[in-house]
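*Asks:* no sequence on this one, just coordinates:
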């Protein structure tokens, strides 16, 4: 009877081990590549997120259009055994999604696929990362499409305004040229040879941050990581250059005679996400300008009746250069009044804080956090962002717990300590009327904003 009881306990214990809870592990693949594994039971897909650090956006004497073309061409342009243009159809058959994108700090890769198709998907993606064909015909097609899209966007007054802000804040440095893709003719000047060099100097097996999420054990996860990037070369760490921004408050008017209305934008710096309090920032930005009931929308459109819509958001030039931005289209004759109205409404908000119940503001974030913890793609991306901020990637599985610590006190403290006062903003107006904003630095081209001090 005693032996039967011990066996019974063992069965219960082993059964309990199979009912593993979601967890994060830092592991090393057989090829020696470190990665984070998010074990997420009862999920059918596997998601892999990778961030390769890059210093291309801060380099002199390189074409800053190259990375934008490159992230599209790597997968579309073929690899050995995979003709150019066919990977999209192949991935569709595997029910897989793969995507590369670029920021000033990283090249980001994402692969999501049903677990049963993981081996084939990483084989295909790995071949394209390791030795892409970079087909010339597809290079030309992507280059031309990118040039057309940018030319259309650059013709808009709002685009010119944001380009002018980058000139004012960053000056004529590679980072600004990378963010604005300026001058536009660098797109048509890009060559496949330059792109080949970018690929060789960017995608390495070393220094990449990697997260894999799903129901995989360590053996399966390590094998997938190796199949994806173990074939990449070992490379040097990028030589990162810290930008020297000038966020000093100024009022700049870009005279755009062809603009049908005026655009008004306020920007000021916020601390980077690595310092925490990101939930508080999102709640405050939404309260300021997230919808038609928000503080700034109500002040400029509803009360002043001067705007087609006015909002607030969080943005950034890099992971270190994070921004708070207010922007909207404004009736030209009421531009000056709109500026003072926005400042007054924001300062009143900053002094009084949120007027509504904090739990109502948290509710959509709590819902989204719960969904993230169940979705390998969302959870792996959240974990990757945590890694890039030097934080624990396991937070991706426990976002709801972090939100429980957000309350009226933490939000109020964030508002008064991190959000800038109303007179600390750089203001940019793009308008057909050069007299619409008195005592502003008047320019006629975005590059002239660098001289507005």
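*Replies:* Thanks, I have the structure now. Just so you know, these numbers come straight off a predicted model, no measurement behind them.

*Asks:* and residue 49, that's in a strand?
*Replies:* Yes: remark: residue 49 belongs to a strand, assigned using DSSP: H, G, I helix; E, B strand; the rest coil.

*Asks:* from what I can see it touches residue 112, true?
*Replies:* No: in this structure, residue 49 is not within contact of residue 112 by CB atoms under 8 Å, at 9.3 Å. Bear in mind the C-beta positions are built from the backbone N, C-alpha and C, glycine included.

*Asks:* remind me which residues of the stretch 251-400 of the chain are low pLDDT?
*Replies:* Where the stretch 251-400 of the chain drops to pLDDT under 70, the residues are 306.

*Asks:* going along the chain, name the helices of it.
*Replies:* Applying DSSP state H, counting those that start in this stretch to the stretch 251-400 of the chain gives helices spanning 278-289, 295-297, 335-352, 358-372, 376-388, 399-404.

*Asks:* how much distance is there from stretch 312-325 to the middle of the chain?
*Replies:* When C-alpha coordinates are averaged (CA atoms, centre = their mean, to the nearest Å), stretch 312-325 and its chain have centres 10 Å apart.

*Asks:* when residue 49 and residue 112 are compared, which one has more neighbours?
*Replies:* residue 49 (26 against 22; other CB atoms under 10 Å).

*Asks:* got the contact list for that one?
*Replies:* Residue 49 is in contact with 108-110, 210-212, 380-381, 383-384, counting by CB atoms under 8 Å, 6 or more residues apart in numbering.

*Asks:* and the gap between it and residue 319?
*Replies:* 16 Å (CB to CB, to the nearest Å).

*Asks:* select only the buried ones of the contacts of residue 49 in PyMOL?
*Replies:* A single PyMOL command selects the buried members of these (16 or more other CB atoms under 10 Å):
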select buried, resi 108+109+110+210+211+212+380+381+383+384
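
*Asks:* next, format the contacts of residue 49 as CSV and append distance to residue 43.
*Replies:* Converted to CSV, the contacts of residue 49 look like this (distance: CB to CB, whole Å):
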residue, distance to residue 43
108, 21
109, 20
110, 16
210, 18
211, 14
212, 12
380, 11
381, 14
383, 14
384, 17
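
*Asks:* what's the closest of the contacts of residue 49 to residue 147?
*Replies:* residue 108 (22.9 Å; CB to CB).

*Asks:* wait, the closest one sits on residue 54?
*Replies:* No: the pair residue 108 / residue 54 is not scored as a contact, 10.2 Å apart, by CB under 8 Å.

*Asks:* buried stuff in stretch 173-186?
*Replies:* In terms of neighbour count (16+ other CB under 10 Å), stretch 173-186 has its buried residues at 173-182, 186.

*Asks:* just stretch 357-373 next, same as before
*Replies:* Neighbour-count burial for stretch 357-373, with 16+ other CB under 10 Å as criterion, is recorded at 358, 361-362, 365-366, 369, 372-373.

*Asks:* same question, stretch 345-357
*Replies:* 345-346, 349-350, 353-354.

*Asks:* before we move on, what about stretch 235-251?
*Replies:* Residues 235, 238, 243, 245, 247, 250-251 are the ones in stretch 235-251 that count as buried (16+ other CB under 10 Å).

*Asks:* could you do stretch 66-80 as well?
*Replies:* In stretch 66-80, counting by 16+ other CB under 10 Å, buried: 66-79.

*Asks:* and if you look at stretch 397-407?
*Replies:* Buried, per 16+ other CB under 10 Å, within stretch 397-407: 397, 399-400, 403, 406.

*Asks:* looking at the buried residues of stretch 66-80, which is nearest residue 119?
*Replies:* Set against residue 119, the nearest of these by CB to CB is residue 79 (16.6 Å).

*Asks:* isn't residue 132 right next to residue 80, touching?
*Replies:* No: when contacts are counted by CB under 8 Å, residue 132 is not listed as touching residue 80 (9.2 Å).

*Asks:* if I read this right, residue 373 contacts residue 398, doesn't it?
*Replies:* Yes: using CB under 8 Å, residue 373 is in contact with residue 398, at 7.5 Å.

*Asks:* could the buried residues of stretch 173-186 be laid out in CSV, adding pLDDT?
*Replies:* Output for the buried residues of stretch 173-186, formatted as CSV (pLDDT from 0 to 100):
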residue, pLDDT
173, 96
174, 97
175, 97
176, 98
177, 97
178, 98
179, 98
180, 98
181, 98
182, 96
186, 98
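
*Asks:* ok, back up a step: now tabulate the helices of the stretch 251-400 of the chain in a markdown table and tack on distance to residue 86.
*Replies:* Shown next, in a markdown table, are the helices of the stretch 251-400 of the chain (distance: least, CB to CB, whole Å):
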| stretch | distance to residue 86 |
| --- | --- |
| helix 278-289 | 40 |
| helix 295-297 | 47 |
| helix 335-352 | 51 |
| helix 358-372 | 33 |
| helix 376-388 | 24 |
| helix 399-404 | 38 |
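
*Asks:* ranges for the strands of the protein?
*Replies:* Counting by DSSP state E, one finds strands in the chain at the ranges 23-28, 34-39, 45-53, 97-102, 106-114, 209-214, 251-255, 262-270, 307-316, 322-330, 426-431, 441-443.

*Asks:* dump those strands into CSV; add distance to residue 136 as well.
*Replies:* Converted to CSV, those look like this (distance: least, CB to CB, whole Å):
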stretch, distance to residue 136
strand 23-28, 39
strand 34-39, 34
strand 45-53, 24
strand 97-102, 19
strand 106-114, 22
strand 209-214, 31
strand 251-255, 39
strand 262-270, 40
strand 307-316, 35
strand 322-330, 38
strand 426-431, 39
strand 441-443, 40
